[in-house]
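A.B. asks: this one's sequence-less:
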């Protein structure tokens, strides 16, 4: 086996590396990105819009990318306004956000109450699904467990493969409702609490989406500050345009006519990758390293020197990255991080973590200047920079950071899935061959060299 693996590795490295000159000569958009890093337009959506720059025509007729303060819109509404109004009105906002994404319209009071009630009624899992969770192999990781359980939900659907709009809507609402229950049960099973089915905590219909998850995870109703902040986290992660990797994956799989469970599982699979969903965990690991190696957290010079070493691949994991700083679209600021920074302070004060939070804020303030000086890039703290700190402040284990991301983003995935099915166009981009030419002379096996 080892010999076979060595041969495959050698040939893969020989043939699969991308020739830089070929990319340039053929104007290939690697990663579906333009040369300046901006995304290639491949579709149209009414669900989410991410703004981090604009293009301006220069005097010589050429276009120039101009960096902007980031903005995020859900079906045309600025997410900053959504969060502000939800907070000012003292109500939970995820249910309203999910309705907005699925319909592209804000609900009236009666419609919101009906949608919220429908979500609450659908939270419970069939007994067979609970048994599957409790009896799965002990070593399964949380994203793998989520993928397994969601893929199995088609077993409990009388019309799993239907693409009728009503069935699609029912399936998507059902998955949005059940994700918190699945995530909570998967985690409880993984830490040894493999109780009988009848002993599992049942979801409560009278609790909000955010309250119910924290209740199921921790066994008690959360205080209002914690529940509101968690709800806000769900709102901020619910959608991020059609081009983010997991949503684009859901749209691609949906475009083939695959059923809802397969499509949503493809989003989970994408999010499990460390370049997409694992950033908040990487931030937490980086912060532990910084806390261990920087003696004076309030000393800007000492902290800047260490951040510089990280960029030079001489500190932390030697990746050359400051995790949580920078984004594929946002440049000058990530609006989600701006919102989260203010709210994170509240829970830090509540839990006596102000000193640690100030370290986060110092890094968010210093890192962009160091990155611009060393790499010539405009960068700012993104939402992942603070989210792990907030979850930890709530007593949520690190293993759940990415599943919670999925628990929120399933609302956006579902909205894009329905939109993709309605649009009905199979996604099928082209790839240019890296081989120097066609191989016309097939060599019989007996004549080939070993």
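C.D. replies: Cool, got the structure. This one's a predicted model, so the numbers in the text were calculated from it and none came from an experiment. Residues are numbered from 1 along each chain as shown.
A.B. asks: chain neighbours aside, what residue packs nearest to residue 112?
C.D. replies: Counting by C-beta to C-beta, 6 or more residues apart in numbering, residue 112 lies nearest to residue 96, which is 5.8 Å off, once chain neighbours are set aside. Heads up, the C-betas are built off the backbone N, CA and C, glycines and all.
A.B. asks: so what pLDDT did the one you found get?
C.D. replies: Predicted confidence (pLDDT) for residue 96: 98.
A.B. asks: pretty sure residue 99 contacts residue 112?
C.D. replies: Yes: between residue 99 and residue 112 there is a contact at 6.4 Å, judged by C-beta atoms under 8 Å.
A.B. asks: okay, the two: which has more neighbours?
C.D. replies: Applying other C-beta atoms under 10 Å to residue 99 and residue 112 shows that residue 99 carries more neighbours, namely 22 against 16.
A.B. asks: contacts only, for the more buried one.
C.D. replies: If a contact means C-beta atoms under 8 Å, 6 or more residues apart in numbering, then residue 99 has 106, 107, 111, 112, 115 as its contacts.
A.B. asks: pull up the gap between it and residue 249, please.
C.D. replies: Residue 99 sits 24 Å away from residue 249, going by C-beta to C-beta, to the nearest Å.
A.B. asks: if I look at residue 33, how far off is residue 243?
C.D. replies: 10 Å.
A.B. asks: mutual contacts of residue 99 and residue 112, please.
C.D. replies: With the criterion set as C-beta under 8 Å, 6+ apart, the contacts of residue 99 and residue 112 do not overlap.
A.B. asks: buried ones among the contacts of residue 99?
C.D. replies: 106, 107, 112, 115 (16 or more other C-beta atoms under 10 Å).
A.B. asks: take those and write them to a markdown table, including pLDDT.
C.D. replies: Formatted as a markdown table, the buried ones among the contacts of residue 99 follow (pLDDT from 0 to 100):
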| residue | pLDDT |
| --- | --- |
| 106 | 97 |
| 107 | 97 |
| 112 | 98 |
| 115 | 97 |
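A.B. asks: now, which of these lie within helices?
C.D. replies: Among those, the members found in helices (DSSP state H) are 112, 115.
A.B. asks: hang on, the earlier thing: list the contacts of the residue nearest to residue 112.
C.D. replies: 82, 86, 106, 107, 112.
A.B. asks: the last one: what's it in contact with?
C.D. replies: Residues touching residue 112, when contacts are defined by C-beta under 8 Å, 6+ apart, comprise 95, 96, 99.
A.B. asks: ditto for the third one
C.D. replies: Neighbouring residues of residue 106 by C-beta under 8 Å, 6+ apart: 77, 96, 99, 100.
A.B. asks: helix, strand, or coil at the third one?
C.D. replies: Here residue 99 is recorded as helix under DSSP: H, G, I helix; E, B strand; the rest coil.
A.B. asks: all good on my end, thank you.
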